[in-house]
Every structure is written in C-alpha cells, then in structure tokens.
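J.: Need coordinates for the below:
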Amino acid sequence: MRTDVRQLRDFYASPLGLLAARRLEARVRARWPNVRGLRLAGVGYPVPALRPFLREAERVAALMPASQGAVRWPQSLANVALQVEEVDWPLPDAMLDRLVLLHALETADAQRAFLRECWRVLAPGGRLLAIVPNRSGLWALHDGIPFGQGRPYTGRQLRRLLRDHLFEPLATERALHVPPFTRRALVRGAASLEPLAARLLRRFGGVVMVEAEKTMVGVVPVRSRVRRRAPELGVLPQPAPGAASGSMPADGTHPLAGSNHRVIEIVD
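T.: Alright, predicted model coming up:
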C-alpha cells in the first residue's frame, strides 16, 4: 500500500525529511554528475532525487502514482509532476535515458508489471536507480516515516530482483546512516555525524541504492501486446528558446506527455 502524498510532502518538510532529502540529492548527483541532453524521470515521490537536474536535463518529469496522489512540483518553476497509473504510463517506448525509483518499488502493488513498465520506457542502455529501504537499517524499523513502509530489501535481494526483470546491476551503495531521530535538536547533530556514520556503519544505511542498466538479453519479439494501449501520443513539444529545462507549455500539456495528456490535479 502506497504512502499518501500528503504524508510524503510533510515528511520532506520536517527536519528529518530535509536531512534525508539533502543526503539523497547528494548521492544521486554523485551517481549521475552530468545529464545534459538526457531525458530523465522519477517514479513514486522522486522530488529529492530529481531536484539537481531540473535546469540541466533536456526533459524532467515526476511520475506520481494515482494510488498515492500527486502534488505540484516544483513551486518555483513550471510544474513537472504528472499523476499516472502504477503501470501503463503515457510515455512512448524507449523514451527515457535515466529513471529514478523513490518511494515506488517497495510499495508497488503489481511489482512485476511495474518493473516491466520501467523497462519499457527506458531506452536501450538506459540507467535505472532504485532507492529502497534497507532491511538491515534503522530507518526501515520506524513505521512513522515513509522509509518504514513497504518491503525493505538487502542489496543482494534488490540486485536479484532487477536482474530477473532485465536490468543489469552496475553499482550498489547505501545512504542515511544516522538514526532517524525525530527531535529537531538531535537531527541537527545527526547531520554532522552522517559522513562518519557512513564510514563506520556502511552496511546499515537507511536505504539501499542500486544503479542498473536496461539490457536486451533474453528479450523475445512478440507480434502483439497485451498491455492496454494509452491514447495516441503526439510529437513532444520542444522547449522555447531560453525556457527552463523541464518547463511545461502554456496550454497545460506535460513536457513528457503527448498532446492528449495533461497534468492531473493535485493537492495544494
């Protein structure tokens, strides 16, 4: 069962959530230092992971499942959030170069179909970054925060799952090594301890992060699809000269969707 988007938004506005967002943002940025000219999306509640790329990537989209709900994001730029079903996203095949899963895989109701949809929208050789609660970490034991929801994984379990769905793992790391303190004073102190905790407690980070590449090994061509077809997609709009990356046209269409798809509102 997915966490409600209001809870996710409120968590990342709290001191502990801000700490988590900064650490995740830094780790994702270090993993993908340059995404210029690439099309990038995140699924679930990918706000912390996508923030560094808003003004850099050719296209950016935050795909938020309808069972979770969607919020407008970011506040300071044109909205790039799109409410979608868990599978059958309104994106063409092989469209994306990078895809981040945050608060997504561990709470997916149809995990196999969800990962197949991730595979479908990534271009050959595209990269996926799955961020899930670490089974060995303290954050997965705290059911009052989003990382305490859904199915936690070890690094080995997550790599096996991705291989089973035609993704080849490239690298594994862990983040959020300090305990998930809820008191403001403790959180301030924890922020300075994170680098030391990462060295001493490497295996016990709050999340496991696995970067994997889409592979074509074992793919068998088929004559027809059983997947429900999305409405016909139009030609992707090109950004206006000088427009911010990831911006949305004035008519309300989303930069990653065709002309028949519009952003679905959204919680204030």
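J.: which regions of the stretch 151-268 of the chain sit below the pLDDT cut-off?
T.: Scanning the stretch 151-268 of the chain for pLDDT under 70 picks out the ranges 182-194, 196-200, 218-268.
J.: Next up, phi/psi of the nearest residue to residue 172 once chain neighbours are set aside, please.
T.: Leaving aside its sequence neighbours, residue 172 sits nearest to residue 155 (C-beta to C-beta, 6 or more residues apart in numbering; 4.6 Å). No exception for glycine: its C-beta is placed from N, CA and C like everyone else's. Main-chain torsions, residue 155, degrees, to the nearest 10: phi -60, psi -40.
J.: again, but for residue 162
T.: The phi/psi pair for residue 162 (degrees, to the nearest 10) reads phi -70, psi -40.
J.: The nearest residue to it once chain neighbours are set aside bridge partners, please.
T.: The spatially closest residue to residue 162, leaving aside those adjacent along the chain, is residue 212, at 4.6 Å (C-beta to C-beta, 6+ apart). Beta-bridge partners of residue 212, counted by DSSP bridges, are residue 128, residue 169.
J.: ok, now which ones touch residue 212?
T.: 127, 128, 129, 130, 159, 162, 167, 168, 169, 170 (C-beta atoms under 8 Å, 6 or more residues apart in numbering).
J.: Kindly recompute the last result at 10 Å.
T.: 99, 118, 122, 126-130, 158-159, 161-163, 165-172 (C-beta atoms under 10 Å, 6 or more residues apart in numbering).
J.: One more: residue 11?
T.: 3, 17, 18, 20, 21, 45, 103, 144, 145, 146, 147.
J.: and what of residue 94?
T.: Counted by C-beta under 10 Å, 6+ apart, residue 94 has contacts 119, 120, 121, 122, 123, 124, 125, 126, 214.
J.: Can I have the buried ones of the contacts of residue 212 as a ChimeraX selection?
T.: Buried residues within the contacts of residue 212, by 16 or more other C-beta atoms under 10 Å, are selected in ChimeraX with:
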select :99,118,122,126,127,128,129,130,158,159,161,162,165,166,167,169,172
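J.: is it true that residue 64 touches residue 50?
T.: No - with contacts counted by C-beta atoms under 10 Å, residue 64 stays clear of residue 50, the gap being 11.5 Å.
J.: The two: which has the busier surroundings?
T.: Using other C-beta atoms under 10 Å as the criterion, residue 64 and residue 50 rank with residue 64 on top: 28 against 25.
J.: Helix or strand for the more buried one, just tell me which one.
T.: Take DSSP states H and E as the rule and residue 64 turns out to sit in strand 59-65.
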